[in-house]
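Trainee: Coordinates for the following, if possible.
(chains A and B)
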Amino acid sequence: MVTLVQVVVSGLLLGGVYALLAGGLTLIFGVMRVINLAHGEFLMLGAYASFFLFVRLGLNPILSLLLSMPLMFGVGWIAQRLLISRVDRAPLLASLLLTYGVSLALTGGAQATFTNDFRSVPFLSGALNIGELAFSVPRLVACVTALLLTGAAQFFLARTRWGKALRATAQSADVALACGIDIDRARMIAFGIATALAGAAGTLTSFLYTIYPEMGKTFMLKAFAVIVLGGMGSFPGAFLGALALGVIESTASYVTTTQIAEAVIYITLLAMLLLRPQGFFGLKEA
Amino acid sequence: MPASALRTAHADEPPDPASPITTIATGTRGLRIYTGFIWAVTVAIALVPVFGSNYTKTFVLQALMSCALAASWNLISGFTGYVSFGHSAFFGIGAYATGIAIVRGGMPAPFAIVVAGMAAATAGLLFGYPALRLRGPYFAVGMLGVAEAIRVGVTVAEPVTGGGKGLVLIPEDVLTVAYYAMFAVAVATVLVTYRVATLPVGLRLLAIREDEVAAELNGIQTTRLKIGAFAVSALFAGLTGGIYAWQMSYIDPGTVFAGSLTVRAIAMTMLGGQGTVFGPVIGSVLLSGISEALWAKFPFLHTALSGVLIIAIVLFLPGGITQILQDRGWIPRSRQL
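Mentor: Numbering: from 1, shown residues only, chains lettered A, B, ... in the order given. Take a look at the predicted model:
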């Protein structure tokens, strides 16, 4: 029983970080109907940013978020303005191929500048014992930070003026435009926020996992499974999907091996697409 | 319906500068150059093993492989608009079916490759039946998931597949034979595309791309057609994978299920022209050449530059070279091209 609770809890802790990454992916899909294949690379950039701030300036990774998130917001804003805005009304293939190109360019750029070495941020360690349960401190910190940031993003989307504008653009860009919403700006804000969240997820993974130029790929595929579970385009859905996926992954790797757990993730993704493509609460157009 | 009417049915296409009739008249000379180019490339490729070095042979073999993959991807995605982001799944299935049939079944290679092609086609039927009910982004993500799931599955099934360490086939010096086999598969894929494009079935597939509901209302059996096209596409991808495995005599899951195989095929098709017969050929000739030049000049920046190249294709040539030539009236708007 204790083991089971332990497995579920570590799954939920894992899910918190997934929520941060997948939240941005689903936001981009919701507002722009673009599948961002470069999302994992934004996570990679965030991880490297924290790594260098930690190594060069000795900056605490959590504090470095104050620097890296606005920076990543800018990266996303510019990416949307220069690249994505040219294809977000074109057929699906254009945006898929374009974002893949961005992903390749960023991975290749990172390989050339940062080399293929594995790096890590030695920040936090140890475990917190509550009764018979043990929580890894770095994971706990990562999860709490992720929950705070996801909550802040949800607050922005649900309660602020621009959040409303984003949701309106997601529902129908044409009608939003007719109502006087600057949809181009809304799209840049959406992409900026999504990128900043992905960067933050990168910061959190920087002290949980190894950092290397191709690290984004696995995370991105998991984020896809998350947003399919939650429903593509739904921010709260992505949150629930992330927790669900975290628990599924941690249970599967406890019962079997990590490799089979990876297979379980993709099978979950496919099963959900076949049985309920709109996910828990996605768009009805699947 | 004439072909020109179909092309101008696109909502956001600029109006034709010339009427269709003059386009064909002015297009005759361009057409001769165009078909001349295709024939010249074909003949040159056929003669490479006679005159070329081993390096040239290996390079052209790679290009032929890309061409066959691009043309087979075009058969489903270029025509129906269903963007398959998991095309490497069928390449990988073909490669592993060949490897397993040779290593564990003791089958002669040519036989194993044919079996592999059929295995891939069967997989296409099996996955296509459920997956092609999904539309747009859901299909794209689904096929991405299929390719990854199979890759992990192959890695886990170590006793049969050799797992992550890969599978070593019996090494043979088959470069020239494999070269002509790949050539045959590439030509066959393009010929099938030509057949499909010039028969009514091609128009039906294009109708699915333009508006699936309208196509269905006009009595087109969309599901059947999509699954059929998907299986044929998988067949050729599987044959390509099989020949690759035979020639390399070593395969591993990370290489033969690599998403980059799919993306290369897509980028080549887009560069040449989606839903056209010779678009994937032109795209693969150009992109293979450019890619090789980049690789030789900037070995460290190769990945990054490939990314930039793909971005440039999407931003500046989204309709492909074929469409540009047609817009300028150099070649006619014919479905035979």
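
Trainee: how close does the residue in the stretch 51-200 of chain B that chain A sits nearest to get to A:Q80?
Mentor: The minimum distance from the stretch 51-200 of chain B to chain A, using C-beta to the nearest C-beta, falls at B:A149 (3.7 Å). (C-beta placed from N, C-alpha, C; glycine too.) Distance of B:A149 to A:Q80, given as C-beta to C-beta, to the nearest Å: 31 Å.

Trainee: residues in the stretch 101-250 of chain B within reach of chain A, list them.
Mentor: B:130-131, B:134-138, B:140-142, B:144-146, B:148-149, B:152-153, B:155-156 (C-beta under 8 Å from any C-beta of the partner chain).

Trainee: quick one, strands of the chain?
Mentor: Defaulting to chain A. Assignment of strands within chain A using DSSP state E yields the ranges A:127-130, A:133-136.

Trainee: nope, chain B please
Mentor: B:167-168, B:250-251.

Trainee: could you dump these to a markdown table with mean neighbour count?
Mentor: Output for these, formatted as a markdown table (neighbours: other C-beta atoms under 10 Å in any protein chain shown):
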| stretch | mean neighbour count |
| --- | --- |
| strand B:167-168 | 18 |
| strand B:250-251 | 19 |
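
Trainee: quick one: which of those strands is nearest A:F239?
Mentor: strand B:250-251 (40.1 Å; C-beta to C-beta).

Trainee: residues near the spatially closest residue to B:Y194 that is not a sequence neighbour, how many?
Mentor: Nearest residue to B:Y194 in three dimensions, chain neighbours excluded: B:V277, at 4.9 Å (C-beta to C-beta, 6 or more residues apart in numbering or on different chains). If you count neighbours by other C-beta atoms under 10 Å in any protein chain shown, B:V277 ends up with 27.

Trainee: For B:V277, grab phi and psi.
Mentor: In terms of degrees, to the nearest 10, the main-chain angles of B:V277 are phi -80, psi -50.

Trainee: B:A149 and A:Q80: which has the busier surroundings?
Mentor: A:Q80 (26 against 22).

Trainee: for the more buried one, what are its contacts?
Mentor: With contact taken as C-beta atoms under 8 Å, 6 or more residues apart in numbering or on different chains, A:Q80 is in contact with A:187-188, A:190-192.

Trainee: and if we set it to 7 Å?
Mentor: Contact analysis of A:Q80 by C-beta atoms under 7 Å, 6 or more residues apart in numbering or on different chains lists A:187-188, A:191.

Trainee: Would you agree B:A149 is in contact with A:I265?
Mentor: No: at 8.8 Å, B:A149 does not count as touching A:I265 under the criterion of C-beta atoms under 7 Å.

Trainee: how many other residues sit next to the residue in the stretch 151-286 of chain A that chain B sits nearest to?
Mentor: Distances between the stretch 151-286 of chain A and chain B by C-beta to the nearest C-beta are smallest at A:Y266, namely 3.7 Å. By the measure other C-beta under 10 Å, the count of residues near A:Y266 is 23.

Trainee: so it touches B:G145, yeah?
Mentor: Yes: contact criterion C-beta under 7 Å: A:Y266 and B:G145 qualify, at 5.1 Å.

Trainee: Where does the prediction get shaky in the chain?
Mentor: Picking chain A for this. Scanning chain A with the threshold set as pLDDT under 70 gives A:282-286.

Trainee: was after chain B, sorry
Mentor: B:1-27.

Trainee: For chain A, which residues are neighbours of chain B?
Mentor: Proximity of chain A to chain B, by C-beta under 7 Å from any C-beta of the partner chain, involves residues A:35, A:83, A:86-87, A:90, A:92-94, A:96-98, A:100-105, A:107-109, A:111-112, A:221, A:224, A:228, A:232, A:259-260, A:262-263, A:266-267, A:269-270, A:273-274, A:277, A:286.

Trainee: Weed out the non-buried ones from these.
Mentor: The neighbour count (16 or more other C-beta atoms under 10 Å in any protein chain shown) marks A:35, A:83, A:86-87, A:92-94, A:96-98, A:100-105, A:107-109, A:111-112, A:221, A:224, A:228, A:232, A:259-260, A:262-263, A:266-267, A:269-270, A:273, A:277, A:286 as buried among the residues of chain A next to chain B.

Trainee: Just give the nearest non-adjacent residue to residue 181, would you?
Mentor: Picking chain A for this. Nearest to A:I181 is A:A165, by C-beta to C-beta, 6+ apart, at 4.8 Å.

Trainee: not what I meant, chain B
Mentor: Nearest one to B:A181, counting by C-beta to C-beta, 6+ apart, is B:I243 at 5.0 Å.

Trainee: List the residues that contact the one you found.
Mentor: B:113, B:178, B:181-182, B:185.

Trainee: The same query, at a cut-off of 8 Å, please.
Mentor: B:65, B:113, B:178, B:181-182, B:185.

Trainee: B:T222 now?
Mentor: So B:T222 contacts B:208, B:212, B:215-216 (C-beta under 8 Å, 6+ apart).

Trainee: let's see 10 Å
Mentor: Applying C-beta atoms under 10 Å, 6 or more residues apart in numbering or on different chains to B:T222 gives the contacts B:80, B:132, B:204-205, B:207-208, B:212-213, B:215-216.

Trainee: circling back: contacting residues around the residue of the stretch 51-200 of chain B closest to chain A?
Mentor: Going by C-beta under 10 Å, 6+ apart, B:A149 touches A:262-270, B:86, B:89, B:257.

Trainee: nearest to A:G15, of those?
Mentor: For the contacts of B:A149, the residue nearest A:G15 by C-beta to C-beta is A:I265; the value is 12.3 Å.

Trainee: isn't B:I170 right next to B:R104, touching?
Mentor: No: using C-beta atoms under 10 Å, B:I170 makes no contact with B:R104, being 11.8 Å away.

Trainee: Please say which of the two ends up with more neighbours.
Mentor: With neighbours defined as other C-beta under 10 Å, B:I170 and B:R104 compare such that B:R104 has more, 13 against 10.

Trainee: residues contacting B:V285?
Mentor: By C-beta under 10 Å, 6+ apart, B:V285 lies in contact with B:37-38, B:41, B:45, B:60, B:63, B:66-67, B:268, B:271-272.

Trainee: likewise A:T203?
Mentor: A:20, A:43, A:46-51, A:53-54, A:61-62, A:64-65, A:68-69, A:72, A:121, A:142, A:145-146.

Trainee: Quick one: buried ones out of these?
Mentor: By neighbour count, with 16+ other C-beta under 10 Å, those hold A:20, A:43, A:46-51, A:53-54, A:61-62, A:64-65, A:68-69, A:72, A:121, A:142, A:145-146 as buried.

Trainee: now A:L13: how far from B:V146?
Mentor: Going from A:L13 to B:V146 by C-beta to C-beta gives 30 Å.

Trainee: Which of the strands of chain B sits closest to B:V196?
Mentor: It's strand B:250-251; of these, that one is closest to B:V196 (C-beta to C-beta) at 30.1 Å.

Trainee: Tell me how far the closest one lies from the chain's centre.
Mentor: Taking C-alpha atoms, centre = their mean, to the nearest Å, one finds strand B:250-251 lying 21 Å from the centre of the chain it belongs to.

Trainee: For it, give me every contacting residue.
Mentor: By C-beta under 10 Å, 6+ apart, the surrounding residues in contact with strand B:250-251 are B:92, B:95-96, B:98-99, B:154, B:161-162, B:166-169, B:171, B:241, B:244-245, B:257.

Trainee: hmm, try it at 7 Å
Mentor: Strand B:250-251 is contacted from outside by B:95-96, B:99, B:166-169, B:245, using C-beta under 7 Å, 6+ apart.

Trainee: export those to a markdown table and tack on distance to A:K217?
Mentor: A markdown table is the format used below for those (distance: C-beta to C-beta, whole Å):
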| residue | distance to A:K217 |
| --- | --- |
| B:A95 | 21 |
| B:Y96 | 21 |
| B:G99 | 25 |
| B:G166 | 19 |
| B:L167 | 23 |
| B:V168 | 26 |
| B:L169 | 28 |
| B:A245 | 24 |
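
Trainee: out of those residues, which are inside helices?
Mentor: B:95-96, B:99, B:245 (DSSP state H).
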